[in-house]
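Asks: here's a sequence, model it:
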Amino acid sequence: MKRPTTITVFGILNIVFSIFGMCGLGLAVAVAQPAIQQAMEQAVRDAGEEVQEDPLQKALAADPNFQLMTNISNGFGAVGTLVLLIAGIALLLMKPWGRTLSIGYSIYDILSKIVFNALIFRSMMPIIEAQEEVADGPPVEVISGIVAGGMGCGLIFGLIYPILLLVFMLRPTVASAFAAPGDGEPSDTMQILDDDQYTNPMS
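Replies: Purely as a prediction, here's the structure:
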């Protein structure tokens, strides 16, 4: 069976995004962010100014509830990327369950991203509200607005691929490509009747 281009493309994309999710983007951020922070602090020192620590970041790092919610979200994300990898390989092998798994992953990823973003933002609100007591700190409304805006943009960007995957996996052409031979399609073979009915009864 010839594999349609759409299935090939999404099979490859599933594998690529799963690799990025498991050992690419997360590791890059974990390694790059401290280096960038140190470089910025060093630049401030070189300019002869005093480095001021961000109280919000310090409070978030010390809050057990926020860290627990973040770790749970990362754990569910790791499971999702593994499922996406398996689904991508199955699509390239033209396994019907690869399409089913891709649909299931899409629904799961969309719902989990929305739920965990809401829960994480909710866990951050008490910490943000506590920053109001910090001298010369910005208003709570400003901080929460910036955080909500950043998380909202990240959520929109993160939902693009699972939505596209779901839409294309539900297309009739993709569904028919995984259908069993003869399911919904006319057979192109000629039916051969039993030779016994043409046997000469006099012979």
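Asks: quick check: longest helix of the protein.
Replies: In the chain, with assignment by DSSP state H, the single longest helix is helix 96-130.
Asks: can you tell me the element residue 149 falls in?
Replies: Counting by DSSP states H and E, the element that carries residue 149 is helix 140-169.
Asks: so which elements touch the helix or strand following that helix?
Replies: Downstream of helix 140-169, the first helix or strand assigned by DSSP H and E is helix 172-177. Secondary-structure packing of helix 172-177 (3 or more C-beta pairs under 8 Å, 6 or more residues apart in numbering; DSSP states H and E): helix 5-19. In this view, the C-beta of every residue, glycine as well, is placed from N, C-alpha and C.
Asks: tally of neighbours for residue 143?
Replies: Counted with other C-beta atoms under 10 Å, the neighbours of residue 143 add up to 19.
Asks: hang on, it packs against residue 127?
Replies: No - at 9.6 Å, residue 143 does not count as touching residue 127 under the criterion of C-beta atoms under 8 Å.
Asks: next, the angle helix 5-19 makes with the helix holding residue 149.
Replies: Between helix 140-169 and helix 5-19, the angle comes out at 140 degrees (axes from the mean of the first three to the mean of the last three C-alpha atoms, to 10 degrees).
Asks: would you enumerate the residues in contact with residue 104?
Replies: residue 83 (C-beta atoms under 8 Å, 6 or more residues apart in numbering).
Asks: for residue 166, see how far away it is.
Replies: Noted for residue 104: a distance of 10 Å to residue 166, by C-beta to C-beta, to the nearest Å.
Asks: low-confidence ranges, this protein, go.
Replies: Applying pLDDT under 70 to the chain picks out residues 1, 23-56, 131-138, 180-203.
Asks: try it again with 50
Replies: In the predicted model of the chain, residues 25, 27-33, 35-36, 182-193, 198, 203 satisfy pLDDT under 50.
Asks: what packs against the helix or strand encompassing residue 85?
Replies: For residue 85, the host element (DSSP H and E) is helix 64-92. Secondary-structure packing of helix 64-92 (3+ C-beta pairs under 8 Å, 6+ apart): helix 5-19, helix 96-130.
Asks: wait, residue 4 sits on residue 174?
Replies: Yes - the pair residue 4 and residue 174 qualifies as a contact (C-beta under 8 Å) at a distance of 7.0 Å.
Asks: so between the two, which is more surrounded?
Replies: Using other C-beta under 10 Å as the criterion, residue 4 and residue 174 rank with residue 174 on top: 18 against 15.
Asks: how much space separates the more buried one from residue 95?
Replies: 13 Å.
Asks: joint contacts of the two?
Replies: Joint contacts of residue 174 and residue 95 (C-beta under 8 Å, 6+ apart) do not exist.
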